[in-house]
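Undergrad: pasting a predicted model and its sequence here:
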Amino acid sequence: MSASAVFAVVVVYNRSCADSSACRDLLAVKAPVTPIVFDNGDRDYGNRQWCEKNNWIFLGGKGNLGLSKAYNESVAACLTSDPDGTVCFLDDDAKISSAYFSELERVIQSDKEADVFVPIQTGGGGLLSPCVMQNNGRCRLFRTKEEMLGYRGVSLTAVNSKMAARLRVFRDFRYDERLFLDFVDHSFFREMNRRGARIRIFEGGGGHSISSHEHPPKESAARRFAIFVRDARVFWEHRPWIGMRILLRRTIRLTVEYKSPAFVRTLLFAHRTDRRASGASKGDTA
């Protein structure tokens, strides 16, 4: 396999590959791009057979393991195939244009020093990704592409979908598997910034859907919030006051939006569980 191989990992959740815009778009993409589907769903949609039919690599199929585990297993497969290649990650609902892979391949070949490749993506009527993670836990969006391309700080972050990284990055790094879904992207960039990895921003990312604009049923929103609470507490474990501020903001917004105390109960339950676990830990060491 060529040293310039590019692995395109699509994490599919309770959706058939045929219904995934990312998978459909990848059908038109040629070598050196190698598609990989990681099925993270808890139902069988025939994705293994679909991948075999199209000569794609299929992974997963063991239920919802969480996004970080899906990424780690996919990275391990890529390292086995070509440790000198590059991997990009795609949401199953991502729209991939031919310009994206053309530009990605160009910057991979032209910038040998770059470790991570971040496409400019728009959303909500403006520039969405990459952005800057501020000390208060909020993400500051760039106003112009010029400002974005000229950024030289150490707090850059971005959404994972369409992000790419040379596999050499993963020789001594794995995604934090305590994170199930949220903050997986921010955790990656926080560590890359800490390590001094060279991050290359490039054009061609197109648009990105913003899930926070969706309005699922209350029961689904409550389950999703419970995941967010757990992940936020892990990501901000060394600065818990920031995590609590973020959780309080999200709790208030959802409580008003759904006119339900369910989200307050979820947050209080997590707090009580943490206190019990902390008390048990102290008792074990006494």
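TA: Structure received.
Undergrad: quick check: the gap between the residue lying closest to residue 44 once chain neighbours are set aside and residue 50.
TA: Leaving aside its sequence neighbours, residue 44 sits nearest to residue 61 (CB to CB, 6 or more residues apart in numbering; 7.7 Å). For glycine as for every other residue, the C-beta is placed from the backbone atoms N, C-alpha and C. Distance, residue 61 to residue 50, by CB to CB, to the nearest Å: 12 Å.
Undergrad: out of these two, which sits in the more crowded spot?
TA: Neighbour comparison, residue 61 and residue 50: the larger count goes to residue 50, with 19 against 13 (by other CB atoms under 10 Å).
Undergrad: what score does residue 215 have for pLDDT?
TA: Looking at residue 215, its pLDDT is 85.
Undergrad: remind me which residues of this protein are low pLDDT?
TA: For the chain, the stretches with pLDDT under 70 are 1-3, 209-213, 274-286.
Undergrad: again, only using 90
TA: 1-4, 29-32, 97-99, 123-125, 204-215, 269-286 (pLDDT under 90).
Undergrad: so where do the helices sit in it?
TA: Using DSSP state H, the helices found in the chain span residues 21-26, 47-53, 67-81, 98-110, 145-149, 184-195, 218-235, 240-258, 262-285.
Undergrad: could those go into TSV alongside distance to residue 176?
TA: Formatted as TSV, the helices of the chain follow (distance: least, CB to CB, whole Å):
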stretch	distance to residue 176
helix 21-26	24
helix 47-53	26
helix 67-81	6
helix 98-110	25
helix 145-149	26
helix 184-195	5
helix 218-235	7
helix 240-258	15
helix 262-285	18
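Undergrad: quick one, which of these is nearest to residue 34?
TA: Closest approach to residue 34 among the helices of the chain (CB to CB): helix 67-81, 7.5 Å.
Undergrad: which strands or helices does the closest one pack on?
TA: Under the contact definition 3 or more CB pairs under 8 Å, 6 or more residues apart in numbering; DSSP states H and E, helix 67-81 sits against strand 6-12, strand 33-39, strand 57-60, strand 86-91, helix 184-195.
Undergrad: repeat that for 6 Å
TA: Packing contacts for helix 67-81, counted by 3 or more CB pairs under 6 Å, 6 or more residues apart in numbering; DSSP states H and E, involve strand 6-12, strand 33-39.
Undergrad: quick check: angle from the last one to helix 98-110?
TA: Put simply, strand 33-39 runs at 110 degrees to helix 98-110, going by axes from the mean of the first three to the mean of the last three CA atoms, to 10 degrees.
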